[in-house]
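> here are the coordinates; sequence isn't available:
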């Protein structure tokens, strides 16, 4: 089995899965070629997730990213940032 890429940091404070880091069990990187972003981003008044800030990348829909192999992220770790939860590790081939 492939090891899932860790979300090493997330500073998107409006996301319900950000509790001093990503607490989603696994996120999906979605968006567009101009704006790769966390598709798991949820802006609610509630906080949720698995409790510990150990989020991983479960899937990546950005085929043009250098870190995408077979719809999986192969980066060692990623960072998510900004008010729209951008994947700061995204890089075009």
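In hand now; what should we look at? Just so it is clear, the structure is predicted and the values come from calculations on it, not from any experiment.
> could you count how many residues lie near residue 39?
15 (other Cβ atoms under 10 Å). (Glycine included, C-beta is placed from N, CA and C.)
> show the contacting residues for it.
27-31, 61 (Cβ atoms under 8 Å, 6 or more residues apart in numbering).
> try it again with 6 Å
Counting by Cβ atoms under 6 Å, 6 or more residues apart in numbering, residue 39 touches 28, 30.
> do residue 79 as well
Residue 79 touches 8-9, 88-89, counting by Cβ under 6 Å, 6+ apart.
> can I get those in CSV including secondary structure?
Listed next are the contacts of residue 79 as CSV, based on DSSP: H, G, I helix; E, B strand; the rest coil:
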residue, secondary structure
8, strand
9, strand
88, coil
89, coil
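> for PyMOL, write the select line for the buried members of the residues you listed.
To isolate the buried members of the contacts of residue 79 in PyMOL, using 16 or more other Cβ atoms under 10 Å:
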select buried, resi 8+9+88+89
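> between the contacts of residue 79, which is nearest residue 66?
Residue 66 has its nearest neighbour among the contacts of residue 79 in residue 89, at 9.6 Å by Cβ to Cβ.
> if I look at the residue nearest to that closest one when sequence neighbours are not counted, how far off is residue 34?
What sits nearest to residue 89 in space, not counting adjacent residues and going by Cβ to Cβ, 6 or more residues apart in numbering, is residue 78, at 3.9 Å. Counting by Cβ to Cβ, to the nearest Å, the gap from residue 78 to residue 34 is 18 Å.
> what about the two, which has more around it?
The neighbour count for residue 78 versus residue 34, taken as other Cβ under 10 Å, is higher for residue 78 (26 against 6).
> how much space separates that one from residue 55?
10 Å.
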